[in-house]
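A.B. asks: next come a sequence and a model predicted from it.
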Amino acid sequence: MRGRGVVIAAPRSGAGKTTATLALLAALARRDLRVHAAKAGPDYIDPAFHAAATGNASANLDSWAMSPDLLDTLATEAASTADLLVIEGVMGLFDGLVGPPGRRGATADLAARFRLPVVLVLDVNAQAQSAAPVAQGFAAHDPAVRIAGVVLNKVASDRHRAMVADAMQAVNIPVLGAIPREGRLALPERHLGLVQAGEHADLDARLSALADLAERHIDLDAVIKLASPLAVAATSHAPALAPPGQRIALASDTAFTFIYPHLVEGWRRVGAEIVPFSPLADQAPPDGCDSCWLPGGYPELHAGALAAANRFRAGLERFAETRPVHGECGGYMVLGQYIEDANSVRHAMTGLLGHATSFAQRRLHLGYRAARLSVDSSIGPEGALIRGHEFHYASIVAAGDDASLADLFDGDGRPLGPSGGRRGRVTGSFFHAIAQERGA
């Protein structure tokens, strides 16, 4: 059964994909199946819940930011040691950029590329028989994407379920489950999505309740049976980004959690060593390392503690005198002069770059990005095109006078102007890197 998979998708965001996926993962793991998960698109938070539910790392699979070779490699690695690979979709099944087939960032790109069946999660709240033509339209939209069945979410009663199921039977779409309205199982959210998995003291209990939910309301045997082998071409083991050093000091705590596993594993595969340290514990980057990486996360929620972390700040300043330091998103905020928190209180940061940021003056920045690097840096050589994304609410309230790191473009190729900053060996940007575009 190894190397088989299924995609969990929905017509839109908010339909219950994550709840259904976690319930399914937890229930399958309870059966002692070796389950791996993956998340379509750029997402740091959901994969941590996948890992907690299965006991195995969860990969990101992004058809816009990643090359077909990289997609095949990551999917093959995830599936080859698993009894079942479950890919959670992003937004609606066919939602993505306007672009070449297979490179739009849509969940459907993955289903078509790997020829995996799709289980469509339908929110049937305030709807009954009308759910059937919705599912039928999705099933007919793209011959390369196979809708293998539906899971109904927010079912009000047995009668409600029967009405929807009868309509589905008329259009030959199997109903694989029906999840009742159970708000107590909802996971709490904040400004970048779900509250992170590691911050739930009762996460095991929540996952156990979700497994119970799936065992009662989803036909697990039917889901396992419909899973199909992944169709993949030859794979490559080249890292998505070249490692920024041989020994990489990686900030790792609740303020710095957002780094993609495929980057870290790609660095390790070519011989780099990852050395974690905690700024919140007032630890400096270890002297034995030859580069430092500050990932994204939630520094705005820990700004006071970071401002008081004198050993971290002094140690990072000494490190930057002789070795490269790079900050992404939250890490970029920490490299600046100060962070203004939600209460408009300013907290001094490391001051290694000249900008300052505010979480009080919030504005959503969201979307795919391509960065043409203006200089050799930790994320690539001068002139390289790096694909990734932005997702943050913080605003720059003081630009400083640093030179820019890159020229930025949106997912459709429209120029957004210079981005980020560089000063000496220090670089940073709100841009999250996913992969270098080879040959670009």
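C.D. replies: Received the coordinates, thanks.
A.B. asks: can we go C-alpha only for contacts and neighbour counts from here?
C.D. replies: Will do.
A.B. asks: which residue ranges make up each domain of this structure?
C.D. replies: 4-229, 247-436 (automatic domain parsing).
A.B. asks: any chance of CSV for those, columns distance to residue 241, mean neighbour count and mean pLDDT?
C.D. replies: Supplementary listing: the domains of the chain in CSV, determined by distance: least, Cα to Cα, whole Å; neighbours: other Cα atoms under 10 Å; pLDDT from 0 to 100:
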stretch, distance to residue 241, mean neighbour count, mean pLDDT
domain 4-229, 11, 20, 93
domain 247-436, 6, 20, 96
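A.B. asks: and stretch 231-250, what's buried?
C.D. replies: Neighbour-count burial for stretch 231-250, with 16 or more other Cα atoms under 10 Å as criterion, is recorded at 231-232, 235, 239-250.
A.B. asks: now do the end-to-end distance for it.
C.D. replies: Distance between the two ends of stretch 231-250: 35 Å, counting by Cα to Cα, to the nearest Å.
A.B. asks: give me the contacts around it.
C.D. replies: Identification of contacts with stretch 231-250 by Cα atoms under 8 Å, 6 or more residues apart in numbering yields 69-70, 72-73, 76, 113-115, 262-263, 266-267, 269-277, 285-286, 288-295, 377-380, 434-436.
A.B. asks: so where do the helices sit in this structure?
C.D. replies: 17-30, 45-54, 68-80, 107-114, 131-141, 158-170, 203-217, 220-226, 261-269, 303-307, 310-320, 330-335 (DSSP state H).
A.B. asks: so how far is the first one off the chain centroid?
C.D. replies: From the chain centre to the centre of helix 17-30 is a distance of 17 Å (Cα atoms, centre = their mean, to the nearest Å).
A.B. asks: list the helices and strands that helix packs on?
C.D. replies: strand 4-9, strand 35-40, helix 45-54, strand 84-88, helix 203-217 (3 or more Cα pairs under 8 Å, 6 or more residues apart in numbering; DSSP states H and E).
A.B. asks: in its sheet, what does the fourth one sit against?
C.D. replies: In this case it means strand 84-88. strand 4-9 (parallel), strand 35-40 (parallel) (DSSP bridges).
A.B. asks: can I get the first one as CSV, trimmed to CA atoms?
C.D. replies: Which is strand 4-9. C-alpha atoms of strand 4-9 as CSV (Å, rounded to 0.1, in the frame of the first residue of the first chain):
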residue,chain,number,x,y,z
ARG,A,4,-0.7,5.9,-2.1
GLY,A,5,-2.4,9.2,-1.4
VAL,A,6,-5.5,11.3,-1.4
VAL,A,7,-6.3,15.1,-1.5
ILE,A,8,-8.7,16.8,0.9
ALA,A,9,-10.1,19.9,-0.8
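A.B. asks: make residue 1 into 8 and carry on from there
C.D. replies: OK, 8 is where the count begins now, so the last one is strand 11-16.
A.B. asks: what does that strand contact?
C.D. replies: 24, 28, 86, 89-97, 99-100, 114, 118, 123-128, 233-237.
A.B. asks: how about a cut-off of 6 Å?
C.D. replies: Under the criterion Cα atoms under 6 Å, 6 or more residues apart in numbering, residues 91-96, 100, 123-127, 234-237 lie in contact with strand 11-16.
A.B. asks: out of the helices and strands packed on helix 24-37, which gets nearest to residue 422?
C.D. replies: Of all the helices and strands packed on helix 24-37, it is strand 42-47 that lies closest to residue 422, at 25.4 Å by Cα to Cα.
A.B. asks: tilt between the closest one and helix 75-87?
C.D. replies: Going by axes from the mean of the first three to the mean of the last three Cα atoms, to 10 degrees, strand 42-47 is angled at 150 degrees with respect to helix 75-87.
A.B. asks: angle of strand 42-47 against helix 52-61?
C.D. replies: 170 degrees.
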